[in-house]
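**Q** Next input, structure requested:
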Amino acid sequence: MLVHFPIALLLAGLVFEALFVISGHARRGREALSDQYRNRPPILSPAATACLILAMVVSPVTAWSGWTNAASRSPSDEIELHRWLGIATAVGAGLSGLCALIAVSVRSWSAATAARIVMVISAIVVIPTGHIGGELVFGEGYLLAPLKRPDPAQNTPQVIPESETTQVSFELGALPIFESRCFECHGSRRQRARLRLDSLEAVLANPRAEILSRGDVSESELLRRISLPADDPDRMPPNGDPLTSDEIRVVQTWLASLAADSPAIPDPLPSRDQQSETFLQATDTADPGLEQALVAIRARGGFASPIAFNSPLIEVNFSVAGRAITDADLDLLVPLKDSLVWLNLSGTSVTDRGVSTLAEMSRLTRLNLARTAISDSSMVLAAGLESLEVLNVYETAVTDDGLRAVIEISRLRRLYVWQTQVTPSAVAAARESHPGLSIDTGETLPPQD
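**A** Presented below is the predicted three-dimensional model:
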């Protein structure tokens, strides 16, 4: 609101002054310039003068606020243009106020005319400034978006009958999802964060390896962003509804196919019910508790399915349900203790008490506890998960003691401790004693959108 306040004052002043001129008050004020009597008519609208002087006072603060806010976002041509147009608008508002102040102070018709001219020019600059800002926030084509009627035949991943074995390509699998939800910011016209998703060549040519993380889908920044809860500021797409579980699964399957030396793209996975049935058939025991656990997790808003078609191994993502997930919900994982390998609890309300439920998850290889209320107690427990390979405790209360506890996990190869209480000296010592362990403190993370 602060950033746009001078714009509102500027436009209000323009309206007041236009009415002042149309009504003839400005002409009468000019004719009375040489009069010596005390109550001479004004040469500028008093209401417009007040708006412009106030805009002059607040415009430096708003210009600084807008500039610093833009600096916190990922660089792009649109942001830079919006940034400078915003500065130009603030300067125009300030100049208008200065001219208005001079005009009423010394009754200068030239200053009043200058105030009107600068007001008009600044109002014209506001048009592209506001339009670009709207596209940055709401996406390209936001003005006409409410009038468009979606075509159900378009932008839908093709569904291949079970009897067919034809593979679904990037164009028929992931591309329709990207086209309907991502092209506004990552298409041919705009590439926010320098990410382009409108062709397979552009996607594979992206120099930031962490976007796709070819051959290791669990490390993909693209998958992480689209899987975040709806209220997470880093969630993609930032506006509208989050991607559905089926859409996320299609993208995940496509990402999983991108081995380091091959761009092959398999079919999207069957429905979650079909996957669950296959999983139950593949397990050694026909435990009805497994199926009930999957259903219960999804009923709580989580995502639960095999990590790949025909695989007996399970992944669970509770981050899509956000803060609604509490310690009690982790009891739903107990029936999966021999099958759970990937678990995402980021952004949930889970605490150390809930994490204690994971002590028996002997096959767990990836655990994400970012932005939860855990402490070093959870790190001591995690140290007992001998299969753990990747651990994320970003933005938690973990300290050096917690770091020292988990680095002793023999299989651990990647640890994220960005924005924790872990000190640089402890990280340096851990890297020296465990050279095979990658400890990420935020230096290599991609810029935020």
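
**Q** mind showing which ranges of the stretch 101-250 of the chain have poor pLDDT?
**A** Low-confidence segments of the stretch 101-250 of the chain (pLDDT under 70): 134-172, 188-190, 201, 205-210, 213-217.

**Q** can you give me the helices in it?
**A** Ranges of helices within the stretch 101-250 of the chain are 109-138, 174-181, 183-186, 200-204, 209-212, 221-227, 245-256, based on DSSP state H, counting those that start in this stretch.

**Q** Can you pull the phi and psi angles for the residue nearest to the spatial centre of the chain?
**A** Central residue of the chain (C-alpha atoms, centre = their mean): Asp234, 2.7 Å from the mean position. Backbone dihedrals for Asp234, given as degrees, to the nearest 10, come out at phi -90, psi 0.

**Q** Please verify my assumption that it contacts Arg225.
**A** Yes - applying C-beta atoms under 8 Å, one finds Asp234 in contact with Arg225, separated by 6.2 Å. No exception for glycine: its C-beta is placed from N, CA and C like everyone else's.

**Q** how far away is the residue nearest to the centre of the chain from His25?
**A** Counting by C-beta to C-beta, to the nearest Å, the separation of Asp234 from His25 is 53 Å.

**Q** Which parts of the stretch 251-400 of the chain are helices?
**A** So, for the stretch 251-400 of the chain - with DSSP H, counting those that start in this stretch - the helices run 272-282, 288-299, 352-355, 376-382, 400-406.

**Q** So for the fourth one, what gets flagged as buried?
**A** So that's helix 376-382. Applying a neighbour-count criterion of 16 or more other C-beta atoms under 10 Å, one finds Asp376, Ser377, Ser378, Met379, Leu381, Ala382 buried in helix 376-382.

**Q** same thing with the last one?
**A** Under the neighbour-count criterion of 16+ other C-beta under 10 Å, helix 400-406 has Asp400, Gly402, Leu403, Arg404, Ala405, Val406 buried.

**Q** Repeat that for the third one.
**A** Neighbour-count burial for helix 352-355, with 16+ other C-beta under 10 Å as criterion, is recorded at Asp352, Gly354, Val355.

**Q** thinking the last one is in contact with Leu369, fair?
**A** So that's Val355. Yes - assessed by C-beta under 8 Å, Val355 is found in contact with Leu369 at 7.1 Å.

**Q** Give me the common contacts of these two.
**A** Common neighbours of Val355 and Leu369 are listed as Ser378 (criterion: C-beta atoms under 8 Å, 6 or more residues apart in numbering).

**Q** Which positions within stretch 47-61 qualify as buried?
**A** Neighbour-count burial for stretch 47-61, with 16+ other C-beta under 10 Å as criterion, is recorded at Ala48, Thr49, Ala50, Cys51, Leu52, Ile53, Leu54, Ala55, Met56, Val58, Ser59.

**Q** Lowest pLDDT pick from those?
**A** Least confident of those in the model: Ser59, at 78.

**Q** Arg431 versus that one, what's the distance?
**A** Separation of Ser59 from Arg431 (C-beta to C-beta): 48 Å.

**Q** name the helices or strands packed onto the helix or strand encompassing Glu432?
**A** Assessed by DSSP states H and E, Glu432 sits inside helix 424-433. On a contact count with 3 or more C-beta pairs under 8 Å, 6 or more residues apart in numbering; DSSP states H and E, helix 424-433 meets helix 400-406, strand 438-440.

**Q** now what about that helix, what contacts it?
**A** Asp400, Leu403, Arg404, Ile407, Val417, Leu437, Ile439, Thr441.

**Q** Reformat those as CSV; add distance to Gly301 and pLDDT.
**A** What follows is the contacts of helix 424-433, written out as CSV (distance: C-beta to C-beta, whole Å; pLDDT from 0 to 100):
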residue, distance to Gly301, pLDDT
Asp400, 35, 94
Leu403, 32, 94
Arg404, 35, 94
Ile407, 34, 92
Val417, 28, 90
Leu437, 34, 90
Ile439, 32, 89
Thr441, 32, 80
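
**Q** Redo these as CSV? Include distance to Gln252.
**A** Shown next, in CSV, are the contacts of helix 424-433 (distance: C-beta to C-beta, whole Å):
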residue, distance to Gln252
Asp400, 35
Leu403, 30
Arg404, 34
Ile407, 29
Val417, 26
Leu437, 26
Ile439, 26
Thr441, 27
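
**Q** Just the closest of those residues to Pro312, please.
**A** Leu437 (28.8 Å; C-beta to C-beta).

**Q** show me what contacts that closest one?
**A** With C-beta under 8 Å, 6+ apart, Leu437 has these contacts: Ile407, Leu412, Arg413, Arg414, Leu415, Ala430, Arg431.

**Q** Give the helix, strand or coil label for Arg83.
**A** At Arg83 the chain is in helix, as set by DSSP: H, G, I helix; E, B strand; the rest coil.

**Q** Distance-wise, check it relative to Ile132.
**A** 10 Å.

**Q** quick one: contacts for Ser375?
**A** Taking C-beta under 8 Å, 6+ apart as the test, what Ser375 contacts is Asp352, Thr396, Ala397, Val398, Thr399, Gly402.

**Q** By mean pLDDT, show me the worst of the helices of the stretch 251-400 of the chain.
**A** Among the helices of the stretch 251-400 of the chain, helix 272-282 carries the lowest mean pLDDT (a mean of 43).

**Q** rewinding a little: dump the buried residues of helix 400-406 to CSV, plus distance to Phe16.
**A** What follows is the buried residues of helix 400-406, written out as CSV (distance: C-beta to C-beta, whole Å):
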residue, distance to Phe16
Asp400, 62
Gly402, 61
Leu403, 62
Arg404, 67
Ala405, 67
Val406, 64
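
**Q** For Leu19, see how far away Leu340 is.
**A** Distance from Leu340 to Leu19, counting by C-beta to C-beta: 69 Å.

**Q** wait, Val316 sits on Ala304?
**A** Yes - using C-beta under 8 Å, Val316 makes contact with Ala304 at a distance of 4.8 Å.

**Q** still on that earlier bit, where helices are concerned, which of the buried residues of stretch 47-61 count?
**A** Among those, the ones falling in helices (DSSP state H) are Ala48, Thr49, Ala50, Cys51, Leu52, Ile53, Leu54, Ala55, Met56, Val58, Ser59.

**Q** Looking at those, which one is closest to Ala299?
**A** Val58 (50.7 Å).

**Q** is it true that that closest one touches Ile7?
**A** No - in this structure, Val58 is not within contact of Ile7 by C-beta under 8 Å, at 10.8 Å.
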